[in-house]
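Enquirer: Build me a model:
(one chain, ligands or ions: 1)
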Amino acid sequence: MGIDNIYQPIFGSKASKENVILKKIRKESLDSTLAYRLVKDQLINEGNARQNMATFCQTYMEPEATKLMSETFEKNAIDKTEYPSTAKIEQACIDIIGDLWNVPDGDKMIGTSTVGSSEACMLGGLAMKFKWREEAKIRGIDINKKKPNLVISSGYQVCWEKFCVYWDIEMRTVPMDQEHMSINTEKVLDYVDDYTIGIVGILGITYTGKYDNIKELDKKVDEFNKMNKRSLGIHVDGASGAMFAPFTSPELEWDFRLKNVVSINTSGHKYGLVYPGVGWIIWRDKKFLPEDLIFNVSYLGGEMPTMALNFSRSASQVIGQYYNFYRFGFNGYRDIHLRTRNVAKKISSAIEELGIFEIYNDGDNLPIVCYRLKPKVKVNWNLYDLADRLQMKGWQVPAYPLPEDLDKILIQRFVCRGDFGMNMASALIEDIKIAVAELNDANVSMHQKEKIHSHGFTH
Ligand SMILES: *Cc1c(COP(=O)(O)O)cnc(C)c1O
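Expert: Below is the predicted model of the structure:
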(Lines give C-alpha, C1' and ligand atoms only; values in the text may rest on other atoms or scores of the structure.)
Protein backbone atom coordinates (compact mmCIF):
# COMPACT_ATOMS: atom_id res chain seq x y z
CA MET A 1 0.00 0.00 0.00
CA GLY A 2 1.54 3.31 -1.03
CA ILE A 3 0.19 6.78 -0.37
CA ASP A 4 -3.49 6.45 -1.21
CA ASN A 5 -3.04 9.14 -3.82
CA ILE A 6 -0.44 11.84 -4.13
CA TYR A 7 -2.83 14.61 -3.15
CA GLN A 8 -3.78 13.06 0.14
CA PRO A 9 -2.14 14.53 3.25
CA ILE A 10 -0.17 12.10 5.40
CA PHE A 11 -2.60 12.42 8.26
CA GLY A 12 -5.49 11.52 6.02
CA SER A 13 -3.81 8.34 4.86
CA LYS A 14 -5.07 4.92 5.72
CA ALA A 15 -1.88 4.08 7.60
CA SER A 16 -2.32 7.10 9.87
CA LYS A 17 -5.60 5.61 11.09
CA GLU A 18 -3.95 2.40 12.21
CA ASN A 19 -1.67 1.50 15.07
CA VAL A 20 1.98 1.96 14.29
CA ILE A 21 3.24 -0.37 17.00
CA LEU A 22 2.58 -3.85 15.63
CA LYS A 23 2.82 -7.39 16.90
CA LYS A 24 3.25 -8.92 13.46
CA ILE A 25 5.05 -7.55 10.44
CA ARG A 26 2.85 -5.57 8.02
CA LYS A 27 1.66 -7.47 5.01
CA GLU A 28 2.16 -4.75 2.44
CA SER A 29 4.83 -2.14 1.97
CA LEU A 30 4.26 1.44 2.92
CA ASP A 31 5.46 4.57 1.23
CA SER A 32 8.75 5.70 2.75
CA THR A 33 7.57 9.26 3.46
CA LEU A 34 4.58 7.93 5.33
CA ALA A 35 6.62 5.33 7.19
CA TYR A 36 9.16 7.94 8.26
CA ARG A 37 6.54 10.38 9.53
CA LEU A 38 4.47 7.84 11.38
CA VAL A 39 7.36 6.08 13.10
CA LYS A 40 8.92 9.40 14.03
CA ASP A 41 5.58 10.60 15.43
CA GLN A 42 5.32 7.49 17.51
CA LEU A 43 8.30 8.79 19.50
CA ILE A 44 6.80 12.23 20.00
CA ASN A 45 5.78 11.75 23.63
CA GLU A 46 9.26 10.92 24.81
CA GLY A 47 11.31 13.33 26.81
CA ASN A 48 13.58 15.78 25.13
CA ALA A 49 17.09 14.30 25.38
CA ARG A 50 18.71 17.70 25.93
CA GLN A 51 16.57 18.15 29.06
CA ASN A 52 17.39 14.69 30.32
CA MET A 53 19.38 15.48 33.44
CA ALA A 54 19.46 11.81 34.41
CA THR A 55 22.04 10.63 31.92
CA PHE A 56 25.78 10.90 31.45
CA CYS A 57 25.34 9.95 27.81
CA GLN A 58 25.97 12.45 25.10
CA THR A 59 22.88 14.21 23.75
CA TYR A 60 24.42 16.54 21.21
CA MET A 61 27.05 16.37 18.50
CA GLU A 62 27.98 18.93 15.90
CA PRO A 63 26.28 18.71 12.50
CA GLU A 64 29.63 17.84 10.87
CA ALA A 65 30.11 14.95 13.29
CA THR A 66 26.56 13.73 12.71
CA LYS A 67 27.10 13.96 8.95
CA LEU A 68 30.36 12.06 9.11
CA MET A 69 28.83 9.40 11.30
CA SER A 70 25.72 8.98 9.17
CA GLU A 71 27.96 8.65 6.11
CA THR A 72 29.86 5.79 7.76
CA PHE A 73 27.05 3.74 9.31
CA GLU A 74 27.68 0.92 6.85
CA LYS A 75 31.30 0.37 7.81
CA ASN A 76 31.69 -2.68 10.00
CA ALA A 77 34.29 -2.06 12.69
CA ILE A 78 35.36 -5.71 12.71
CA ASP A 79 36.15 -5.87 8.96
CA LYS A 80 39.70 -4.65 9.26
CA THR A 81 40.73 -5.76 5.76
CA GLU A 82 37.79 -4.13 4.04
CA TYR A 83 38.11 -0.92 6.04
CA PRO A 84 41.81 -0.57 6.83
CA SER A 85 41.67 3.20 7.30
CA THR A 86 38.87 2.77 9.80
CA ALA A 87 41.05 0.26 11.64
CA LYS A 88 43.83 2.85 11.72
CA ILE A 89 41.43 5.43 13.11
CA GLU A 90 40.41 3.04 15.87
CA GLN A 91 44.08 2.45 16.75
CA ALA A 92 44.69 6.20 16.69
CA CYS A 93 41.90 6.65 19.26
CA ILE A 94 43.52 3.98 21.45
CA ASP A 95 46.91 5.69 21.15
CA ILE A 96 45.41 9.06 22.03
CA ILE A 97 43.49 7.69 25.01
CA GLY A 98 46.51 5.70 26.24
CA ASP A 99 48.53 8.88 26.14
CA LEU A 100 45.84 10.81 28.02
CA TRP A 101 46.00 8.07 30.67
CA ASN A 102 49.79 8.31 30.87
CA VAL A 103 50.55 4.82 29.71
CA PRO A 104 54.27 4.29 30.41
CA ASP A 105 55.08 2.41 27.21
CA GLY A 106 52.92 2.88 24.13
CA ASP A 107 54.41 -0.18 22.44
CA LYS A 108 53.40 -2.48 25.24
CA MET A 109 49.84 -1.31 25.77
CA ILE A 110 46.88 -2.96 24.13
CA GLY A 111 43.30 -1.81 23.87
CA THR A 112 40.08 -1.92 21.93
CA SER A 113 36.89 -0.07 21.26
CA THR A 114 33.71 -1.58 22.62
CA VAL A 115 30.00 -0.81 22.53
CA GLY A 116 30.30 0.98 25.86
CA SER A 117 31.80 0.70 29.29
CA SER A 118 29.75 -2.37 30.15
CA GLU A 119 31.46 -4.45 27.48
CA ALA A 120 34.80 -2.90 28.43
CA CYS A 121 34.27 -3.76 32.12
CA MET A 122 33.45 -7.36 31.19
CA LEU A 123 36.76 -7.55 29.34
CA GLY A 124 38.71 -5.92 32.17
CA GLY A 125 37.13 -8.28 34.68
CA LEU A 126 37.70 -11.34 32.50
CA ALA A 127 41.36 -10.50 32.01
CA MET A 128 41.74 -10.25 35.80
CA LYS A 129 39.95 -13.56 36.29
CA PHE A 130 42.17 -15.37 33.78
CA LYS A 131 45.30 -13.79 35.19
CA TRP A 132 44.28 -14.73 38.73
CA ARG A 133 43.71 -18.34 37.66
CA GLU A 134 47.13 -18.59 36.01
CA GLU A 135 48.80 -17.25 39.12
CA ALA A 136 46.68 -19.18 41.59
CA LYS A 137 47.82 -22.41 39.96
CA ILE A 138 51.44 -21.37 40.33
CA ARG A 139 50.81 -20.37 43.96
CA GLY A 140 49.31 -23.79 44.58
CA ILE A 141 45.79 -22.54 45.36
CA ASP A 142 42.93 -24.98 44.79
CA ILE A 143 40.99 -22.85 42.33
CA ASN A 144 37.89 -25.03 42.57
CA LYS A 145 37.54 -24.81 46.32
CA LYS A 146 35.92 -21.38 46.35
CA LYS A 147 34.47 -18.94 43.89
CA PRO A 148 36.89 -16.22 42.86
CA ASN A 149 35.83 -12.77 44.06
CA LEU A 150 36.02 -9.16 42.95
CA VAL A 151 36.30 -6.25 45.39
CA ILE A 152 34.50 -2.98 44.61
CA SER A 153 32.69 -0.24 46.54
CA SER A 154 28.93 -0.51 47.01
CA GLY A 155 28.61 2.45 44.64
CA TYR A 156 29.29 0.13 41.70
CA GLN A 157 27.41 0.42 38.43
CA VAL A 158 25.13 -2.48 37.49
CA CYS A 159 27.52 -3.79 34.81
CA TRP A 160 29.74 -5.18 37.60
CA GLU A 161 26.87 -7.13 39.02
CA LYS A 162 26.30 -8.54 35.54
CA PHE A 163 29.96 -9.36 35.18
CA CYS A 164 29.92 -11.31 38.45
CA VAL A 165 26.74 -13.19 37.56
CA TYR A 166 27.77 -14.02 34.01
CA TRP A 167 31.22 -15.25 34.97
CA ASP A 168 30.39 -16.80 38.29
CA ILE A 169 32.31 -14.49 40.56
CA GLU A 170 31.48 -13.40 44.08
CA MET A 171 31.07 -9.65 44.30
CA ARG A 172 32.48 -8.27 47.53
CA THR A 173 31.27 -4.79 48.14
CA VAL A 174 32.98 -2.36 50.47
CA PRO A 175 30.12 -0.29 51.92
CA MET A 176 30.20 3.44 51.26
CA ASP A 177 29.52 5.55 54.33
CA GLN A 178 28.43 9.15 54.79
CA GLU A 179 31.99 10.21 55.42
CA HIS A 180 33.51 8.65 52.33
CA MET A 181 30.83 8.37 49.66
CA SER A 182 33.46 6.46 47.67
CA ILE A 183 35.63 3.42 48.36
CA ASN A 184 36.88 3.18 51.94
CA THR A 185 40.59 2.58 51.40
CA GLU A 186 41.13 1.82 55.10
CA LYS A 187 38.81 -1.17 54.89
CA VAL A 188 39.26 -2.39 51.36
CA LEU A 189 41.97 -4.94 52.15
CA ASP A 190 39.71 -6.65 54.68
CA TYR A 191 37.78 -7.94 51.70
CA VAL A 192 40.77 -9.37 49.85
CA ASP A 193 41.92 -12.98 50.05
CA ASP A 194 43.60 -15.64 47.92
CA TYR A 195 40.57 -15.81 45.69
CA THR A 196 40.44 -12.12 44.86
CA ILE A 197 40.90 -11.55 41.14
CA GLY A 198 41.35 -7.80 41.52
CA ILE A 199 39.98 -4.55 42.91
CA VAL A 200 37.90 -2.12 40.92
CA GLY A 201 38.30 1.58 41.59
CA ILE A 202 35.58 3.85 40.23
CA LEU A 203 36.45 7.20 38.71
CA GLY A 204 33.13 8.80 39.08
CA ILE A 205 30.67 6.93 41.29
CA THR A 206 27.50 6.98 39.25
CA TYR A 207 25.34 7.93 42.24
CA THR A 208 27.30 10.85 43.58
CA GLY A 209 29.96 11.81 41.06
CA LYS A 210 32.77 11.33 43.58
CA TYR A 211 36.09 9.83 42.51
CA ASP A 212 37.45 6.85 44.42
CA ASN A 213 40.87 7.68 45.82
CA ILE A 214 42.80 5.49 43.40
CA LYS A 215 46.19 6.77 44.52
CA GLU A 216 45.52 5.67 48.09
CA LEU A 217 44.09 2.39 46.81
CA ASP A 218 47.28 1.83 44.82
CA LYS A 219 49.35 2.36 47.98
CA LYS A 220 47.33 -0.20 49.90
CA VAL A 221 47.57 -2.70 47.07
CA ASP A 222 51.31 -2.12 46.94
CA GLU A 223 51.68 -2.93 50.65
CA PHE A 224 49.49 -5.97 50.23
CA ASN A 225 51.44 -7.26 47.25
CA LYS A 226 54.75 -6.82 49.04
CA MET A 227 53.55 -8.58 52.19
CA ASN A 228 51.88 -11.45 50.36
CA LYS A 229 54.07 -11.80 47.29
CA ARG A 230 51.05 -11.24 45.11
CA SER A 231 50.46 -9.14 42.03
CA LEU A 232 46.93 -8.05 42.70
CA GLY A 233 45.90 -5.39 40.20
CA ILE A 234 43.45 -2.51 40.05
CA HIS A 235 41.03 -1.97 37.21
CA VAL A 236 39.71 1.59 37.05
CA ASP A 237 36.12 1.95 35.91
CA GLY A 238 36.42 5.41 34.46
CA ALA A 239 33.19 5.27 32.46
CA SER A 240 32.62 8.96 33.03
CA GLY A 241 35.71 10.28 34.85
CA ALA A 242 38.43 8.85 32.60
CA MET A 243 37.41 11.21 29.80
CA PHE A 244 36.93 14.11 32.22
CA ALA A 245 39.79 14.09 34.73
CA PRO A 246 42.64 14.04 32.15
CA PHE A 247 41.43 17.39 30.86
CA THR A 248 40.25 19.06 34.05
CA SER A 249 42.62 17.68 36.70
CA PRO A 250 45.73 16.54 34.83
CA GLU A 251 47.69 16.57 38.11
CA LEU A 252 45.37 14.04 39.76
CA GLU A 253 47.07 10.63 39.76
CA TRP A 254 44.52 7.93 39.17
CA ASP A 255 45.72 6.34 35.92
CA PHE A 256 48.70 4.36 34.58
CA ARG A 257 51.04 6.60 36.56
CA LEU A 258 50.07 4.30 39.44
CA LYS A 259 51.87 1.04 38.99
CA ASN A 260 49.14 -1.35 40.12
CA VAL A 261 46.55 0.07 37.74
CA VAL A 262 46.51 -2.62 35.06
CA SER A 263 43.53 -1.57 32.98
CA ILE A 264 41.11 1.32 32.55
CA ASN A 265 37.80 1.59 30.74
CA THR A 266 35.74 4.56 29.67
CA SER A 267 32.56 5.37 27.77
CA GLY A 268 33.28 7.36 24.64
CA HIS A 269 29.61 8.31 24.80
CA LYS A 270 29.86 10.03 28.18
CA TYR A 271 32.51 12.74 28.55
CA GLY A 272 34.15 11.49 25.35
CA LEU A 273 31.27 13.46 23.79
CA VAL A 274 30.08 10.86 21.23
CA TYR A 275 26.49 9.65 20.78
CA PRO A 276 25.74 6.33 22.56
CA GLY A 277 27.49 3.24 21.25
CA VAL A 278 31.20 3.49 22.00
CA GLY A 279 33.50 2.57 24.88
CA TRP A 280 37.18 1.86 25.34
CA ILE A 281 39.47 -0.32 27.39
CA ILE A 282 43.23 -0.23 27.59
CA TRP A 283 45.66 -2.53 29.41
CA ARG A 284 48.95 -0.93 30.39
CA ASP A 285 50.80 -4.00 29.11
CA LYS A 286 49.84 -6.92 26.91
CA LYS A 287 50.95 -9.21 29.70
CA PHE A 288 47.81 -8.33 31.68
CA LEU A 289 45.56 -9.58 28.91
CA PRO A 290 45.87 -13.38 28.82
CA GLU A 291 46.42 -14.86 25.36
CA ASP A 292 43.27 -16.96 25.69
CA LEU A 293 41.19 -13.79 25.42
CA ILE A 294 42.77 -12.64 22.18
CA PHE A 295 41.42 -13.79 18.83
CA ASN A 296 42.72 -12.91 15.41
CA VAL A 297 40.83 -11.47 12.47
CA SER A 298 42.31 -11.04 9.04
CA TYR A 299 43.84 -7.71 8.21
CA LEU A 300 45.45 -6.89 4.89
CA GLY A 301 46.62 -10.40 4.25
CA GLY A 302 47.84 -10.71 7.83
CA GLU A 303 46.16 -10.90 11.17
CA MET A 304 45.07 -8.43 13.78
CA PRO A 305 44.21 -9.25 17.37
CA THR A 306 40.70 -8.57 18.66
CA MET A 307 39.44 -9.06 22.17
CA ALA A 308 35.98 -7.49 22.10
CA LEU A 309 32.96 -9.57 23.10
CA ASN A 310 30.91 -8.33 20.18
CA PHE A 311 31.72 -8.97 16.55
CA SER A 312 29.91 -6.81 13.99
CA ARG A 313 28.95 -3.26 14.74
CA SER A 314 29.05 0.04 12.94
CA ALA A 315 32.37 1.86 12.97
CA SER A 316 30.58 5.20 12.84
CA GLN A 317 30.86 5.82 16.59
CA VAL A 318 34.60 5.17 16.51
CA ILE A 319 34.87 7.62 13.63
CA GLY A 320 32.77 10.12 15.62
CA GLN A 321 35.19 9.70 18.53
CA TYR A 322 38.13 10.43 16.28
CA TYR A 323 36.38 13.45 14.83
CA ASN A 324 36.00 14.89 18.33
CA PHE A 325 39.65 14.30 19.25
CA TYR A 326 40.80 15.78 15.97
CA ARG A 327 38.40 18.70 16.00
CA PHE A 328 38.48 19.78 19.68
CA GLY A 329 42.04 18.90 20.60
CA PHE A 330 43.13 18.83 24.22
CA ASN A 331 42.28 22.46 24.86
CA GLY A 332 38.86 22.13 23.28
CA TYR A 333 37.94 19.20 25.51
CA ARG A 334 39.35 21.02 28.53
CA ASP A 335 37.33 24.16 27.81
CA ILE A 336 34.11 22.22 27.23
CA HIS A 337 34.55 20.26 30.45
CA LEU A 338 35.53 23.29 32.54
CA ARG A 339 32.48 25.12 31.24
CA THR A 340 30.33 22.15 32.18
CA ARG A 341 31.82 22.16 35.67
CA ASN A 342 31.04 25.87 36.08
CA VAL A 343 27.46 25.18 35.07
CA ALA A 344 27.23 22.44 37.71
CA LYS A 345 28.70 24.78 40.35
CA LYS A 346 26.16 27.44 39.47
CA ILE A 347 23.24 25.02 39.77
CA SER A 348 24.62 23.70 43.03
CA SER A 349 24.96 27.10 44.67
CA ALA A 350 21.48 28.10 43.54
CA ILE A 351 20.09 24.93 45.13
CA GLU A 352 22.05 25.46 48.32
CA GLU A 353 20.72 29.01 48.59
CA LEU A 354 17.20 27.66 48.86
CA GLY A 355 18.26 26.54 52.35
CA ILE A 356 16.41 23.24 52.48
CA PHE A 357 18.85 20.99 50.65
CA GLU A 358 22.09 19.39 51.73
CA ILE A 359 24.55 19.14 48.86
CA TYR A 360 26.46 15.88 48.34
CA ASN A 361 28.28 16.87 45.21
CA ASP A 362 28.56 20.44 44.01
CA GLY A 363 30.10 19.75 40.62
CA ASP A 364 33.46 18.88 42.09
CA ASN A 365 34.97 15.72 40.61
CA LEU A 366 32.30 14.97 38.00
CA PRO A 367 30.10 17.91 36.99
CA ILE A 368 27.03 16.57 38.67
CA VAL A 369 24.93 18.10 41.37
CA CYS A 370 23.46 15.84 43.93
CA TYR A 371 21.59 16.64 47.09
CA ARG A 372 19.03 15.54 49.63
CA LEU A 373 16.37 17.32 51.62
CA LYS A 374 17.94 18.34 54.95
CA PRO A 375 16.67 15.86 57.54
CA LYS A 376 15.35 18.60 59.85
CA VAL A 377 13.45 20.47 57.18
CA LYS A 378 9.72 20.03 57.55
CA VAL A 379 8.05 20.02 54.18
CA ASN A 380 5.03 18.11 52.99
CA TRP A 381 6.67 16.74 49.90
CA ASN A 382 9.69 14.69 48.93
CA LEU A 383 12.21 14.56 46.10
CA TYR A 384 10.01 12.33 43.98
CA ASP A 385 7.38 15.09 44.08
CA LEU A 386 9.98 17.64 43.04
CA ALA A 387 11.03 15.36 40.17
CA ASP A 388 7.40 15.16 39.05
CA ARG A 389 7.04 18.94 39.17
CA LEU A 390 10.17 19.48 37.14
CA GLN A 391 8.98 16.96 34.61
CA MET A 392 6.00 19.19 33.92
CA LYS A 393 8.50 21.63 32.44
CA GLY A 394 10.22 18.87 30.50
CA TRP A 395 13.18 18.36 32.88
CA GLN A 396 13.93 14.75 33.58
CA VAL A 397 15.57 14.55 36.96
CA PRO A 398 15.94 11.32 38.89
CA ALA A 399 15.46 10.86 42.61
CA TYR A 400 16.74 7.61 44.08
CA PRO A 401 18.02 6.01 47.26
CA LEU A 402 21.78 5.65 47.80
CA PRO A 403 23.33 2.15 47.75
CA GLU A 404 23.37 -0.33 50.62
CA ASP A 405 23.92 1.05 54.12
CA LEU A 406 22.96 4.52 52.94
CA ASP A 407 19.75 3.36 51.31
CA LYS A 408 17.53 5.31 53.69
CA ILE A 409 18.82 8.45 52.07
CA LEU A 410 16.92 9.72 49.07
CA ILE A 411 18.90 11.94 46.76
CA GLN A 412 18.36 13.80 43.54
CA ARG A 413 20.96 14.17 40.84
CA PHE A 414 21.52 16.50 37.88
CA VAL A 415 24.14 15.43 35.38
CA CYS A 416 25.59 18.36 33.45
CA ARG A 417 26.93 17.75 29.98
CA GLY A 418 28.77 19.75 27.35
CA ASP A 419 25.58 20.82 25.59
CA PHE A 420 24.07 22.25 28.76
CA GLY A 421 25.10 25.88 28.92
CA MET A 422 24.67 28.62 31.53
CA ASN A 423 21.59 29.78 29.60
CA MET A 424 19.87 26.44 30.10
CA ALA A 425 21.10 26.25 33.69
CA SER A 426 19.42 29.59 34.41
CA ALA A 427 16.17 28.30 32.96
CA LEU A 428 16.46 25.14 35.07
CA ILE A 429 17.18 27.10 38.26
CA GLU A 430 14.16 29.29 37.62
CA ASP A 431 11.99 26.20 37.20
CA ILE A 432 13.38 24.62 40.39
CA LYS A 433 12.49 27.75 42.38
CA ILE A 434 8.99 27.79 40.95
CA ALA A 435 8.57 24.07 41.61
CA VAL A 436 9.68 24.37 45.25
CA ALA A 437 7.39 27.37 45.83
CA GLU A 438 4.46 25.52 44.28
CA LEU A 439 5.13 22.40 46.33
CA ASN A 440 5.34 24.43 49.52
CA ASP A 441 1.92 25.92 48.78
CA ALA A 442 0.33 22.74 47.52
CA ASN A 443 -1.63 20.00 49.16
CA VAL A 444 0.56 17.19 47.98
CA SER A 445 -1.01 13.83 48.57
CA MET A 446 1.79 11.62 49.78
CA HIS A 447 1.64 7.95 49.00
CA GLN A 448 0.87 5.80 52.02
CA LYS A 449 3.87 3.73 51.17
CA GLU A 450 6.38 5.42 49.00
CA LYS A 451 7.66 2.89 46.57
CA ILE A 452 11.28 3.13 45.63
CA HIS A 453 11.80 4.53 42.19
CA SER A 454 15.17 3.17 41.34
CA HIS A 455 15.46 4.19 37.71
CA GLY A 456 17.83 6.76 36.44
CA PHE A 457 21.08 6.14 38.26
CA THR A 458 22.49 3.33 36.18
CA HIS A 459 23.75 5.39 33.30
C1 LIG B 1 27.80 4.44 32.83
C2 LIG B 1 28.66 3.61 33.63
C3 LIG B 1 28.92 2.28 33.25
C4 LIG B 1 28.25 1.64 32.07
O5 LIG B 1 28.65 2.28 30.92
P6 LIG B 1 27.94 2.06 29.51
O7 LIG B 1 28.86 2.80 28.60
O8 LIG B 1 26.60 2.67 29.61
O9 LIG B 1 27.89 0.60 29.23
C10 LIG B 1 29.81 1.55 34.01
N11 LIG B 1 30.40 2.09 35.09
C12 LIG B 1 30.18 3.36 35.49
C13 LIG B 1 30.89 3.89 36.70
C14 LIG B 1 29.29 4.16 34.78
O15 LIG B 1 29.07 5.41 35.17
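Enquirer: The longest helix along the chain and the ligand in contact?
Expert: Longest helix of the chain, by residue count under DSSP state H: helix 316-353. No - with Cβ under 6 Å from any ligand atom as the criterion, the ligand is not reached by helix 316-353; the gap is at least 11.2 Å. For the C-beta atoms, the positions are set from N, CA and C on the backbone; glycine is no exception.
Enquirer: what about that helix, distance to the chain center?
Expert: Remark: helix 316-353 is offset 15 Å from the chain centroid, using Cα atoms, centre = their mean, to the nearest Å.
Enquirer: in its sheet, what does the very next helix or strand once past that helix sit against?
Expert: Using DSSP states H and E, the helix or strand that follows helix 316-353 in sequence is strand 357-362. Strand 357-362 pairs in its sheet with strand 368-373 (antiparallel), by DSSP bridges.
Enquirer: hmm, the partner strand touching the ligand?
Expert: No - counting by Cβ under 6 Å from any ligand atom, the ligand has no neighbours in strand 368-373; the shortest distance is 10.5 Å.
Enquirer: Can you give me the domain boundaries for the protein?
Expert: If you go by automatic domain parsing, the domain ranges for the chain are 3-46, 66-324, 336-441.
Enquirer: can I get these in a markdown table with mean pLDDT?
Expert: A markdown table is the format used below for these (pLDDT from 0 to 100):
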| stretch | mean pLDDT |
| --- | --- |
| domain 3-46 | 90 |
| domain 66-324 | 96 |
| domain 336-441 | 94 |
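Enquirer: Make TSV out of these and add mean neighbour count.
Expert: Listed next are the domains of the chain as TSV, based on neighbours: other Cβ atoms under 10 Å:
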stretch	mean neighbour count
domain 3-46	11
domain 66-324	20
domain 336-441	18
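Enquirer: so is residue 150 in a helix, a strand, or just coil?
Expert: strand (DSSP: H, G, I helix; E, B strand; the rest coil).
Enquirer: picking that back up, out of the domains of the chain, nearest to residue 53?
Expert: domain 336-441 (4.4 Å; Cβ to Cβ).
Enquirer: Kindly check the end-to-end length of that closest one for me.
Expert: Criterion Cα to Cα, to the nearest Å; first-to-last residue distance in domain 336-441 is 39 Å.
Enquirer: Can you name the residues of the stretch 251-400 of the chain that neighbour the ligand?
Expert: Selection of the stretch 251-400 of the chain residues close to the ligand by Cβ under 6 Å from any ligand atom yields 267, 279.
Enquirer: still on that earlier bit, who are the packing partners of the longest helix of the chain?
Expert: helix 63-70, helix 84-100, strand 110-114, helix 245-248, strand 357-362, strand 368-373, helix 422-441 (3 or more Cβ pairs under 8 Å, 6 or more residues apart in numbering; DSSP states H and E).
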